[in-house]
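Trainee: structure, please.
(one chain, ligands or ions: 1)
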Amino acid sequence: GSSQSALNFGAGPAKLPREVLVEVQGELLSYQNSGMSLIEMSHRSKEYGQINKSAQDLVRELLKVPDNYKILFIQGGGMGGFAAVAMNFLNRTGTADYAVTGTWSNKAAKEAEKYGTVNLVFPKADKPGSIPDQSTWNLNPNASYFYYCDNETVDGVEFPYIPETNGVPIVVDMSSNIMTRKVDVSKFGCIFGGAQKNIGPSGVVVVIVREDLLGNAMKICPSVFNFTQVHKENSVLNTPATFSVYVMEKVLQWIKKNGGVDNMEVQSSRKSGLLYEAMKASNNFYSSPIDKNCQSRINIPFRVGGPQGNEELEEKFLVEAEKRFMYQLKGHRSVGGIRASLYNAITYEDVALLVKFMKEFQAQNQK
Ligand code: PLP
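Mentor: Residues are numbered from 1 along each chain as shown. A predicted model of the protein is given here:
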């Protein structure tokens, strides 16, 4: 029924903490006894100003962002971010290095090609699932920046380290793993990510940018994507996605209350560890197509019925899962199979229920 909360393993938009949604519901019609919903208020209002500031402060606090970095909120989704980083940073030398480890970094490289020269530091693999050893990368010392995707949401490939670039600024897409593990922000030129997986609803993109990289945007860069302009106007250059920022601020409060990013990281390892252990114990009934050293803690694709996958069995797996209120487990259409996304709001107990189901399903369906 509708009051029962589903076990939502979707890749995004995705499960958010129930208590945050309850709080939003409680003040939806009257924000702080104003008789107005926050959605109905000006982005120049005192109320929204406080939310905007609090959300920025929380990002800074939770990720320990150094003072020489600015925090911005833009729109246009993660994909808007692909274009924005190119238009803001590619101007310096006209060329940028990209590591393509899956679907999203590939799309980002394609987007950047519209604005300059893109050098792939290693050849794109036919099937994502590994990260070539850094010693083999073809890095250009003259690149405006080096770009990678920290966690490939579709393919399930997550970087186990921050690449070494000898001073070339690093730009990273953290859309699907932001605030799921500690990060040394000082190693980056720019971190960006859509909120709709770990920290809020869709509609807002968090950008963390080192201040010395500002001021170089291309003339053609739309003002709403120009990080320098957006920063000057404190992320209210134009009307922001006020509702999205409002809910995100509450999710960030929730992360803070629940042990911060330190604890999100501990929980993330516990949750993904439980699932990978279960796969290992299944003797390849469930199998991951990803190299061990870069298996994502967050988006976990797997095949059912053997490493190549048995599509009939996978279809049945999804039907049986839904009978237990487990939803959005279907793998991305480009990859097939099953994918479980374990974002911050997913609990260890949620994963334990999934694993319990997987064991029962195997017992009933293994030939
Ligand atoms: N980058 C990553 C890692 C993603 O997972 C996604 C979406 O799932 C995107 C970028 C694109 O984000 P959006 O759909 O908000 O444009």
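Trainee: for the rest of this, base every contact and every neighbour count on C-alpha atoms.
Mentor: Noted.
Trainee: can you give me the end-to-end span of stretch 84-104?
Mentor: End-to-end distance for stretch 84-104: 15 Å, by C-alpha to C-alpha, to the nearest Å.
Trainee: avg pLDDT for that stretch?
Mentor: Taken as a whole, stretch 84-104 has an average pLDDT of 98.
Trainee: Leu354 and the ligand, how far apart?
Mentor: According to C-alpha to the nearest ligand atom, to the nearest Å, Leu354 and the ligand sit 22 Å apart.
Trainee: excluding its backbone neighbours, what's nearest that residue?
Mentor: Met326 (7.7 Å; C-alpha to C-alpha, 6 or more residues apart in numbering).
Trainee: low-confidence stretches in the stretch 1-150 of the chain?
Mentor: Scanning the stretch 1-150 of the chain for pLDDT under 70 picks out 1-4.
Trainee: so which residues on it come close to the ligand?
Mentor: 77-79, 104 (C-alpha under 6 Å from any ligand atom).
Trainee: dump the residues you listed to TSV, plus neighbour count, distance to Asn258 and secondary structure.
Mentor: Formatted as TSV, these follow (neighbours: other C-alpha atoms under 10 Å; distance: C-alpha to C-alpha, whole Å; DSSP: H, G, I helix; E, B strand; the rest coil):
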residue	neighbour count	distance to Asn258	secondary structure
Gly77	18	27	helix
Gly78	26	26	helix
Met79	17	30	helix
Trp104	22	30	helix
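Trainee: so what's Ser334 scoring on pLDDT?
Mentor: 88.
Trainee: give me phi/psi at it?
Mentor: Backbone torsions of Ser334, given as degrees, to the nearest 10, read phi -80, psi -10.
Trainee: which ones are touching Gln229?
Mentor: Listed by C-alpha atoms under 8 Å, 6 or more residues apart in numbering, the contact partners of Gln229 are 223, 237.
Trainee: is it in a helix, a strand, or coil?
Mentor: Under DSSP: H, G, I helix; E, B strand; the rest coil, Gln229 falls in the helix class.
Trainee: residues touching the residue nearest to Leu354, list them.
Mentor: Contact analysis of Met326 by C-alpha under 8 Å, 6+ apart lists 6-9, 354.
Trainee: okay, and which of these map to helices?
Mentor: Secondary structure from DSSP state H places Leu354 of those in helices.
Trainee: how about CSV for the contacts of Met326, with distance to Ser288 added?
Mentor: Converted to CSV, the contacts of Met326 look like this (distance: C-alpha to C-alpha, whole Å):
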residue, distance to Ser288
Ala6, 25
Leu7, 22
Asn8, 21
Phe9, 17
Leu354, 16
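Trainee: from the contacts of Met326, list just the buried residues.
Mentor: Burial by neighbour count, judged by 16 or more other C-alpha atoms under 10 Å, picks out 7-9, 354 from the contacts of Met326.
Trainee: for the ligand, state which of the residues you listed is nearest.
Mentor: Lowest distance from the ligand to the buried ones among the contacts of Met326 (C-alpha to the nearest ligand atom) belongs to Phe9, with 13.7 Å.
Trainee: for that closest one, give its distance to Pro141.
Mentor: In terms of C-alpha to C-alpha, Phe9 sits 41 Å off from Pro141.
Trainee: what do you get for Met179?
Mentor: From Met179 over to Pro141 the distance is 30 Å, taken as C-alpha to C-alpha.
Trainee: same deal with Leu72?
Mentor: 28 Å.
Trainee: please apply the same query to Gln25.
Mentor: Gln25 sits 51 Å away from Pro141, going by C-alpha to C-alpha.
Trainee: ok, these two, which is more surrounded?
Mentor: Pro141 (14 against 11; other C-alpha atoms under 10 Å).
Trainee: how many residues are close by Ile220?
Mentor: Residues lying near Ile220 (other C-alpha under 10 Å) number 10.
Trainee: can you tell me the closest non-neighbouring residue to it?
Mentor: Nearest non-adjacent residue to Ile220, counting by C-alpha to C-alpha, 6+ apart: Met87, 7.7 Å away.
Trainee: can you check Phe192 too?
Mentor: Computed as C-alpha to C-alpha, 6+ apart, the closest residue to Phe192 that is not its neighbour in sequence is Val207, at 4.4 Å.
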